[in-house]
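Student: Any chance you could fold what I've pasted below:
(chains A and B)
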Protein chains: 2
Amino acid sequence: MRDTVVGYVEALEARDWDRVTELLAPDVVYELPQTGERITGREAYVRFNREYPGDWHLDVVEAYADETGGVVHLRWALDGEVGPAIAFFHFDVAGRIDRVTDYWPEPYEPPPGREHLVERY
Amino acid sequence: MRDTVVGYVEALEARDWDRVTELLAPDVVYELPQTGERITGREAYVRFNREYPGDWHLDVVEAYADETGGVVHLRWALDGEVGPAIAFFHFDVAGRIDRVTDYWPEPYEPPPGREHLVERY
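Tutor: Sure, this is the predicted structure:
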């Protein structure tokens, strides 16, 4: 449900840890494929968010979902820096989030060979 | 529509350039936020895909969409390497893709301070 995934990000932004907890399944698994990090269980995952250092902020850019899961495309801000993030969510049969797959894409230099097709912005 | 975004990735994988072209609006804009590259127009964007070097393959992991746009979470394979990619799509009023925002998240080292909560996989 779109409300679940958007509401989850909004609850994080609001530091509403009761609401965050309510939206998560007890056995939720959080994965960061870029670092190969995994956090298992709601308690550790909420703590990870609570302890995340700095004055971070999250803004929803767009969101899509169905009854099985969904995604939020967001912009983060942290200590004067901004960037994109993408979180995929899976729901259990009760509609609670039981899996989160989180991406934090970083800038990189484009490979050569396509300058005739692209502009830089 | 989910069929549009999944069908688009499948048409790329099949090198079915007629189908790819059919799914795109003439004025489609393709952006790679990580490199700040932009391609404007269907002709240049199809050419970008046709010219993309190597024996690349794309597999849909999951997809979500509504009537305004959607997203595909995919796995790419190229010359023995594999990794994730995420493409967001926006549709024009005719249901054709008029904007693609493409992410290619790369591995990075996790910041210190959360070892008490995470395992590596």
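Student: So what does the residue of chain A found nearest chain B have for phi and psi?
Tutor: Going by CB to the nearest CB, chain B is nearest to A:Tyr64 of chain A, at 3.7 Å. The C-beta positions use only the backbone N, C-alpha and C, and glycine is treated the same way. Main-chain torsions, A:Tyr64, degrees, to the nearest 10: phi -140, psi 150.
Student: could you dump the longest helix seen in chain A to PDB, C-alpha only?
Tutor: As assigned by DSSP state H, the longest helix anywhere in chain A is helix A:2-13. Provided in PDB are the C-alpha atoms of helix A:2-13 (Å, rounded to 0.1, in the frame of the first residue of the first chain):
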ATOM      1  CA  ARG A   2       1.300   3.400  -1.000                       C
ATOM      2  CA  ASP A   3       0.200   4.900   2.400                       C
ATOM      3  CA  THR A   4       2.400   2.400   4.200                       C
ATOM      4  CA  VAL A   5       5.600   3.200   2.400                       C
ATOM      5  CA  VAL A   6       5.100   7.000   2.300                       C
ATOM      6  CA  GLY A   7       3.900   6.900   6.000                       C
ATOM      7  CA  TYR A   8       7.000   4.900   7.000                       C
ATOM      8  CA  VAL A   9       9.400   7.600   5.500                       C
ATOM      9  CA  GLU A  10       7.300  10.400   7.000                       C
ATOM     10  CA  ALA A  11       7.400   8.600  10.400                       C
ATOM     11  CA  LEU A  12      11.200   8.400  10.100                       C
ATOM     12  CA  GLU A  13      11.400  12.100   9.200                       C
END
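Student: just the strands in chain A please.
Tutor: Secondary structure of chain A (DSSP state E): strands at A:24-32, A:37-40, A:57-65, A:69-78, A:81-91, A:97-103, A:119-120.
Student: chain center to the second one, what's the gap?
Tutor: Shown here is strand A:37-40, whose average C-alpha point lies 14 Å from the average C-alpha point of the whole chain (CA atoms, centre = their mean, to the nearest Å).
Student: Now do it: which elements does it pack against?
Tutor: Judged by 3 or more CB pairs under 8 Å, 6 or more residues apart in numbering or on different chains; DSSP states H and E, strand A:37-40 is in contact with strand A:24-32, strand B:119-120.
Student: most neighbours per residue, which of the ones you listed?
Tutor: strand A:24-32 (a mean of 18; mean count of other CB atoms under 10 Å in any protein chain shown).
Student: So what are the sheet partners of it and their directions?
Tutor: Taking DSSP bridges as the criterion, strand A:24-32 forms sheet pairs with strand A:37-40 (antiparallel), strand A:97-103 (parallel).
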